[in-house]
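> got a predicted structure plus its sequence, pasted below:
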Amino acid sequence: MSGESRTMRVAAVQMVSGMEVADNLEQAARGIETAACGGAGLVALPEYFCFMGRHDKDKLPLAETPGDGPIQSFLSDQAKRHGIWLVGGTLPLRCPDAQRVYNACLVYDPQGHVRARYDKIHLFSFQRGQESYDESRAIRPGDEPPQVFEMPFGRTALGICYDLRFPEFFRAQGDVRLMVLPAAFTWTTGSVHWEVLLRARAIENQCYVLASAQGGLHENGRRTWGHSMLIDPWGDILDCLPEGPGVAAGMLDAGRLAAVRESLPALRHRVL
């Protein structure tokens, strides 16, 4: 507990991103400002916050080199301007394959410096009738596990969207106090699985889960589920935004986390 904050307000920015980067950055900036003005010390943007194109390959021309580019500059400036920890959703970063990109999540500290990076490992694919997705067409899976980062409330884990379906991925990140998951869940899968999977990850790891989502009908015709939310270590939903741009926010409380772990010491009872 030494050096860690007992409480901290966090917020998930929900967006309905389109095909113009400038418009998306403006929408993200409004959400970040709302969250920061509400007292959030950590703010998370959704997956694909900066761009959702009509075709998978549309994102390739936007790919940036790590540490250089307008999207990364925007994220750094926003973190510094508001003095917050900013989990920058995902953005396309260049990879060794010229026909694909990394779908990368960067975390910025209040000074605007990158403190963690995670390139999405699990790539989503889905086929039902006319609805079809295959992220591997334009995205290269990451080669490294996510970096757990230290922020004032304690150790924090990262995941991106489809990672949510793999509990071993989060358990492998060790004892954390918060998990942050930027996402763009489809309407079809989100309507049945989103909430139950998020609550399960919070319950089994006895930690807070903050999920920032895309939520609405997009310019490219895709519809995302939304329901950005904050869940406590007991699995209770502290706040949820069903659809449309906005913010879901709430308090992290070290006392609540400790009480849950003390009354039901499941993490200490693990055998495997």
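The structure has been received and is ready for your questions.
> can you name the element that comes right after the longest helix anywhere in the chain?
Assignment by DSSP state H gives helix 21-37 as the longest helix of the chain. Counting by DSSP states H and E, the element after helix 21-37 in chain order, helix or strand, is strand 42-44.
> quick one: mean pLDDT over that next one.
The pLDDT scores in strand 42-44 average 99.
> that one pairs with which strands, parallel or anti?
Under the criterion DSSP bridges, strand 42-44 sits next to strand 7-14 (parallel), strand 85-87 (parallel) in its sheet.
> okay, these in CSV with mean neighbour count, mean pLDDT and distance to Leu164 next?
C-betas here are computed from N, CA, C, even on glycine. CSV is the format used below for those (neighbours: other CB atoms under 10 Å; pLDDT from 0 to 100; distance: least, CB to CB, whole Å):
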stretch, mean neighbour count, mean pLDDT, distance to Leu164
strand 7-14, 25, 98, 14
strand 85-87, 28, 98, 15
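> could those be laid out in a markdown table, adding distance to Ser228?
Below are the strands paired with strand 42-44 laid out as a markdown table (distance: least, CB to CB, whole Å):
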| stretch | distance to Ser228 |
| --- | --- |
| strand 7-14 | 4 |
| strand 85-87 | 12 |
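> Leu264 is nearest to which of the ones you listed?
strand 7-14 (21.6 Å; CB to CB).
> residues in contact with the closest residue to Asp97 other than its chain neighbours?
Leaving aside its chain neighbours, Asp97 sits nearest to Arg140 (5.2 Å; criterion: CB to CB, 6 or more residues apart in numbering). Neighbouring residues of Arg140 by CB atoms under 8 Å, 6 or more residues apart in numbering: Cys95, Pro96, Asp97, Arg100, Val101, Tyr102, Asp119.
> run the last query once more with 7 Å
By CB atoms under 7 Å, 6 or more residues apart in numbering, the residues touching Arg140 are Cys95, Asp97, Arg100, Val101, Tyr102.
> hang on, the earlier thing: which of the residues in the longest helix of the chain are buried?
Using 16 or more other CB atoms under 10 Å as the test for burial, helix 21-37 gives Val21, Asn24, Leu25, Gln27, Ala28, Ala29, Gly31, Ile32, Glu33, Thr34, Ala35, Ala36.
> format these as JSON lines; extra columns: pLDDT and distance to Met15.
JSON lines is the format used below for the buried residues of helix 21-37 (pLDDT from 0 to 100; distance: CB to CB, whole Å):
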{"residue": "Val21", "pLDDT": "98", "distance to Met15": "13"}
{"residue": "Asn24", "pLDDT": "98", "distance to Met15": "7"}
{"residue": "Leu25", "pLDDT": "98", "distance to Met15": "11"}
{"residue": "Gln27", "pLDDT": "98", "distance to Met15": "6"}
{"residue": "Ala28", "pLDDT": "98", "distance to Met15": "6"}
{"residue": "Ala29", "pLDDT": "98", "distance to Met15": "11"}
{"residue": "Gly31", "pLDDT": "98", "distance to Met15": "7"}
{"residue": "Ile32", "pLDDT": "98", "distance to Met15": "11"}
{"residue": "Glu33", "pLDDT": "98", "distance to Met15": "13"}
{"residue": "Thr34", "pLDDT": "98", "distance to Met15": "12"}
{"residue": "Ala35", "pLDDT": "98", "distance to Met15": "12"}
{"residue": "Ala36", "pLDDT": "98", "distance to Met15": "16"}
